[in-house]
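**Student:** coordinates only, no sequence provided:
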């Protein structure tokens, strides 16, 4: 089966769809027009689908023979970013932009849907197609898993992320740890306010919170195995009202990233232990709002090996490159914790075309030549998993 040859006839189709999605970005949990557009494409192809809240689409391409099932996933949501690119397909929705490549993910999966629908008589099993909302707020995968029992739906799962640090049209698909966990926190430190000239009558929340910020870093430098990366970032620190008033409350807002499961499991208790110790020492009290956003993403060894074979079948050994794991998080991790899964990075960086800007940048853009690679990889992997 020559997937690459079949895919050629959908190259322009995929670019057209990507540009439509780029022009019409929608925020997380509000992808209503995007969802309607995708459903119209599935209707045209007579592919049945189900929906889940609020905008998710779950379709099935049934093969000619009974067998396994494989799930292919693309995310749908855009970001609250004002686009600065001067392109003919610039965002029409001011303050909204596909600045992370999800427009390309949807377009590639639609391309793969067309290919797989063309060859469904050759498939030994079913292809499950997931267009997932709300990846950026770590809600879409949870909504899907609440609506469907993933373990009963598919035997394997595969997702692609177009990646700005990988050379265009190259593929990174390493086994094991791939993307980081993401936890968010808000910590309120409560002290006793007073006059700036009489600190002995107060419990200075600014000082306490500053100590918390510094001591949290000992979880990284003195508590965690240095071979297991951990990042704790306080991105927001609010305390005080004016120069001659000692603050009675401080608020710390931040995020935690890690890769290893044991570190991920130990973080909440260790985090509170540090805060409690500091506050007890100063006589302050605290409140913690700790949100587990996304767990670490691990690529299943067997699925990654099939992916490698699929990639080399399409483009030869040279298409595969190694790329370090990244602290960015991806809620596909929830799905791959339920069924064996893998996420591949398909490169979109092209310095000659000026496509060098990072994800979430207002100048982010992709090399559209890579869309054909991702489209074919979706389809080839599904074919290989079901038929081999």
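**Tutor:** The structure has been received and is ready for your questions. No experiment lies behind these values; they were computed from the predicted model shown.

**Student:** got the buried residues for whichever strand or helix holds residue 274?
**Tutor:** Applying DSSP states H and E as the criterion places residue 274 in helix 261-282. Neighbour-count burial for helix 261-282, counted by 16 or more other C-beta atoms under 10 Å, picks out 263, 264, 266, 267, 271, 274, 275, 278, 279, 282. (Each C-beta comes from the backbone N, C-alpha and C, glycine too.)

**Student:** does residue 366 count as helix, strand or coil?
**Tutor:** Classification of residue 366 using DSSP: H, G, I helix; E, B strand; the rest coil returns coil.

**Student:** I'd say residue 122 and residue 382 touch.
**Tutor:** No: between residue 122 and residue 382 there is no contact under C-beta atoms under 8 Å: 11.1 Å.

**Student:** counting neighbours, what do you get for residue 120?
**Tutor:** 15 (other C-beta atoms under 10 Å).

**Student:** dump the residue contacts of the most centrally placed residue in the chain.
**Tutor:** Nearest to the mean C-alpha position of the chain, counting by C-alpha atoms, centre = their mean, stands residue 330 at 2.5 Å. Residues near residue 330 by C-beta atoms under 8 Å, 6 or more residues apart in numbering: 135, 159, 161, 179, 294, 297, 343.

**Student:** next one: it from residue 201, what distance?
**Tutor:** 50 Å (C-beta to C-beta, to the nearest Å).

**Student:** hmm, back to that, which strand or helix spans the residue nearest to the centre of the chain?
**Tutor:** Judged by DSSP H and E, residue 330 forms part of no helix or strand.

**Student:** any idea how far residue 140 is from it?
**Tutor:** For residue 330, the distance to residue 140 - C-beta to C-beta - is 11 Å.

**Student:** counting by contacts, list what the helix or strand hosting residue 33 packs against.
**Tutor:** Following DSSP H and E, one finds residue 33 within helix 32-44. Contacts defined by 3 or more C-beta pairs under 8 Å, 6 or more residues apart in numbering; DSSP states H and E place helix 32-44 against helix 11-23, strand 49-52, strand 56-62, helix 102-118.

**Student:** that one vs strand 56-62, what angle?
**Tutor:** Counting by axes from the mean of the first three to the mean of the last three C-alpha atoms, to 10 degrees, helix 32-44 points 10 degrees away from the direction of strand 56-62.

**Student:** got the buried residues for helix 32-44?
**Tutor:** Result for helix 32-44 [16+ other C-beta under 10 Å]: buried residues 34, 35, 37, 38, 39, 41, 42.

**Student:** will you turn those residues into JSON lines that also has distance to residue 131 and pLDDT?
**Tutor:** JSON lines is the format used below for the buried residues of helix 32-44 (distance: C-beta to C-beta, whole Å; pLDDT from 0 to 100):
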{"residue": "34", "distance to residue 131": "8", "pLDDT": "98"}
{"residue": "35", "distance to residue 131": "7", "pLDDT": "98"}
{"residue": "37", "distance to residue 131": "10", "pLDDT": "98"}
{"residue": "38", "distance to residue 131": "5", "pLDDT": "98"}
{"residue": "39", "distance to residue 131": "9", "pLDDT": "98"}
{"residue": "41", "distance to residue 131": "10", "pLDDT": "98"}
{"residue": "42", "distance to residue 131": "9", "pLDDT": "98"}
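
**Student:** of these, which is the nearest to residue 348?
**Tutor:** residue 34 (20.3 Å; C-beta to C-beta).

**Student:** surely that closest one touches residue 54?
**Tutor:** No: assessed by C-beta under 8 Å, residue 34 is found out of contact with residue 54, at 11.4 Å.

**Student:** ok, residues contacting the helix holding residue 33?
**Tutor:** Residues contacting helix 32-44 (C-beta under 8 Å, 6+ apart): 17, 20-21, 24, 26, 48-49, 51, 54-57, 59, 76, 106, 110, 113, 131, 133.

**Student:** and if we set it to 10 Å?
**Tutor:** 13, 17, 20-21, 24-26, 31, 47-49, 51, 54-57, 59, 61, 74, 76-78, 93, 102-103, 106, 109-110, 113-114, 117, 129, 131, 133 (C-beta atoms under 10 Å, 6 or more residues apart in numbering).
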